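*Asks:* requesting a structural model of the entry that follows:
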Amino acid sequence: KAGVLNLGAEGMMLCAAIAGFAAVIHTGNDWIGFAAGMGAGAILAAIFGGLVIWLGTNQYATGLALSLFGVGFSAFAGIGYVQEKLPERASHAIPYLSDIPLVGPAFFRQHPLVYITIALVLGLIWFLYKSRPGLVLRSVGESPDSAHALGYPVRRIRLMAVVAGGALCGLSGAYISVVYTPLWVEGMVAGKGWIALALTTFATWRPARVLLGAYLFGGVTMLQFHLQGMGVEVPSQLLTALPYIATIVVLALISRNPAWIRINMPASLGKPFHPGS
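*Replies:* Okay, the predicted model is just below:
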């Protein structure tokens, strides 16, 4: 929304995954692990922001470099944690409600962070469309020259947005290694960072659509496990590929109407801004 495209989500999530996992191994506290993951994501995003916003490097090339760096660095840093096991996981089932057939396991046995993300999306909608700072952030993404002419620090606003996005990326990476698996394996994010980028396009940069799209892709991901459990005679490799096939299909359908994407995406997305130029 601020006009900066960060393609390094995959690398940031991997670094956050090992940071969060290591933090929980040494402290035994999941929330410290989440904080460590957010910190790792924010630091990498700040480096990316400094390069593209102040030094003017290409956003696409820098994002890809960040993603490749994250893959390699996380593999190196995680060598000593491959065989480590986290403390016993606590149950987060809500009494009585979690026992409801079908609905209970789906809605009332999730980690608290699952419900927090829904609240974060609602908060983000309010911030972007109902608050003055959100309006300023969107104006920086639409017309940075106009925002600069009105006296707003465009580059600082963009950096703060990039760092905030990196922290959220880090939170998702830490969730994968601390709750979703929970273990550390090299490359365990397995393309989810790229799916997140595709999801942003699919949702045309609208938070509510992002939430719905995330559950759509999540449902496709879980479908493969249910099909395998039901004994469906389909190659496991094909089932594993389902989320990525769904991503390609959705992007192909959306690309048939490029005008719709162009209308909704920030006008200055991916374009550098140089004050006084």
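*Asks:* poorly predicted segments of the protein, please.
*Replies:* Along the chain, segments meeting pLDDT under 70 span 236, 260, 276-277.
*Asks:* 90 instead?
*Replies:* Within the chain, the stretches with pLDDT under 90 are 83-111, 181-182, 190-191, 195-206, 209-210, 212-267, 270-277.
*Asks:* which residue is nearest the middle of it?
*Replies:* residue 169 (4.1 Å; Cα atoms, centre = their mean).
*Asks:* how about the helix or strand where that one lies: buried residues?
*Replies:* In this assignment (DSSP states H and E), residue 169 forms part of helix 154-175. The neighbour-count check on helix 154-175 (16 or more other Cβ atoms under 10 Å) flags 154-155, 157-175 as buried. For every residue, glycine as well, the C-beta is placed using N, CA and C.
*Asks:* one more: stretch 61-76?
*Replies:* So stretch 61-76, judged by 16+ other Cβ under 10 Å, has buried residues 62, 63, 65, 66, 67, 69, 70, 71, 73, 74.
*Asks:* and which of these is nearest to residue 263?
*Replies:* Ranked by distance to residue 263 (Cβ to Cβ), these are led by residue 63 at 23.9 Å.
*Asks:* wait, doesn't the closest one sit right on residue 12?
*Replies:* No: in this structure, residue 63 is not within contact of residue 12 by Cβ atoms under 8 Å, at 9.9 Å.
*Asks:* dump the residue contacts of residue 181.
*Replies:* By Cβ atoms under 8 Å, 6 or more residues apart in numbering, the contact list for residue 181 reads residue 188.
*Asks:* correction: residue 264
*Replies:* Contact analysis of residue 264 by Cβ under 8 Å, 6+ apart lists 204, 205, 206.
*Asks:* in strands, which of those residues fall?
*Replies:* Using DSSP state E, no member of those falls in strands.
*Asks:* what's the closest of these to residue 78?
*Replies:* For the contacts of residue 264, the nearest to residue 78 is residue 205 (32.9 Å; Cβ to Cβ).
*Asks:* phi first, then psi, for that closest one.
*Replies:* phi 60, psi 30 (degrees, to the nearest 10).
*Asks:* how many neighbouring residues does it have?
*Replies:* If you count neighbours by other Cβ atoms under 10 Å, residue 205 ends up with 17.
*Asks:* what's near enough to touch it?
*Replies:* Taking Cβ under 8 Å, 6+ apart, one finds 1, 264, 265, 266 in contact with residue 205.
*Asks:* redo that, cut-off 10 Å
*Replies:* Counting by Cβ atoms under 10 Å, 6 or more residues apart in numbering, residue 205 touches 1, 128, 138, 141, 261, 264, 265, 266, 269.
*Asks:* what is the burial count for the fourth one?
*Replies:* When you say that, I think you mean residue 141. Neighbour count of residue 141, defined by other Cβ under 10 Å: 23.
*Asks:* please tell me how far it sits from residue 132.
*Replies:* For residue 141, the distance to residue 132 equals 15 Å [Cβ to Cβ, to the nearest Å].
*Asks:* is residue 95 in a helix, a strand, or coil?
*Replies:* Assigned with DSSP: H, G, I helix; E, B strand; the rest coil, residue 95 falls in the coil class.
*Asks:* let me know the secondary structure of residue 3.
*Replies:* Reduced to three states by three-state DSSP, residue 3 is coil.
*Asks:* which ones among the contacts of residue 205 map onto helices?
*Replies:* Among the contacts of residue 205, the members found in helices (DSSP state H) are 128, 138, 141, 261, 264.
*Asks:* got TSV for those, with distance to residue 190 too?
*Replies:* Formatted as TSV, the ones in helices among the contacts of residue 205 follow (distance: Cβ to Cβ, whole Å):
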residue	distance to residue 190
128	30
138	33
141	30
261	26
264	29
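*Asks:* run through who's touching stretch 227-243.
*Replies:* Against stretch 227-243 from outside (Cβ under 10 Å, 6+ apart): 190-192, 195, 216-226, 245, 248.
*Asks:* what's the first-to-last distance across it?
*Replies:* Terminal residues of stretch 227-243 lie 14 Å apart, using Cα to Cα, to the nearest Å.
*Asks:* who are the contact partners of residue 57?
*Replies:* Going by Cβ under 10 Å, 6+ apart, residue 57 touches 48, 50, 51, 63, 65, 272.
*Asks:* for the last one, give me phi and psi.
*Replies:* Read that as residue 272. Dihedral angles of residue 272 (phi, psi; degrees, to the nearest 10) stand at phi -70, psi 160.
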